[in-house]
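Peer 1: Provided below are the primary sequence and the corresponding predicted coordinates.
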Amino acid sequence: MSIIVYTDGSAKGNPGRGGYGIVLISGEYRKELSGGFRLTTNNRMELLAVIIALENVKKNNSSIIIYSDSKYVINSVEKKWVFSWEKNNFKKKKNADLWIRFLCVYRKQNVSFIWVKGHSNNTENERCDFLAVQAAESNALIADQWYENNVANTDNLLF
């Protein structure tokens, strides 16, 4: 039996406040996860959602189907771009920290991706979008440390 995963990321501004939403389904078991960050990008949140979903699957070599509306994430894996980036030590690639983290958990599982059009009334994708937006709008935002330390101009942060 496959584990079904839906993921979505959100950013209010790009960069800006961001969040991710995840729905994991295995048989009758269902788990929802979300988290928000004070300064990040949409692509980082899309990728982080997939990473956190995979990190929450406890059994290695599980069959996992990930539904995502992120062509950035899906194309990077299915067109094998990320593996070329890895061979080049992610030189001049955005989100290297997350791609390295992704590859660690991706290789422990049997993962396939299915692209879903965002905001097209797919119930679980809409739920993930809601969770991601809610997380981005919360008052309990944490720092996306790598992004803030390596990319963003943190001198202008007011919080």
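Peer 2: Nice, thanks for sending it over. Residues are numbered from 1 along each chain as shown.

Peer 1: Where do the strands of the protein begin and end?
Peer 2: Along the chain, counting by DSSP state E, strands occupy 3-13, 16-26, 29-40, 63-68, 110-115.

Peer 1: how about the fourth one as CSV, C-alpha atoms only?
Peer 2: So the one you mean is strand 63-68. Taking C-alpha atoms only, strand 63-68 is exported to CSV below (Å, rounded to 0.1, in the frame of the first residue of the first chain):
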residue,chain,number,x,y,z
SER,A,63,6.1,3.5,-1.5
ILE,A,64,5.2,7.2,-1.4
ILE,A,65,3.2,9.1,-4.0
ILE,A,66,3.6,12.9,-3.6
TYR,A,67,0.9,15.2,-5.1
SER,A,68,2.3,18.7,-5.6
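
Peer 1: Can you give me the buried ones in it?
Peer 2: Using 16 or more other C-beta atoms under 10 Å as the test for burial, strand 63-68 gives 64, 66-68. The C-beta positions use only the backbone N, C-alpha and C, and glycine is treated the same way.

Peer 1: Show me what it is packed against.
Peer 2: strand 3-13, helix 42-55, strand 110-115 (3 or more C-beta pairs under 8 Å, 6 or more residues apart in numbering; DSSP states H and E).
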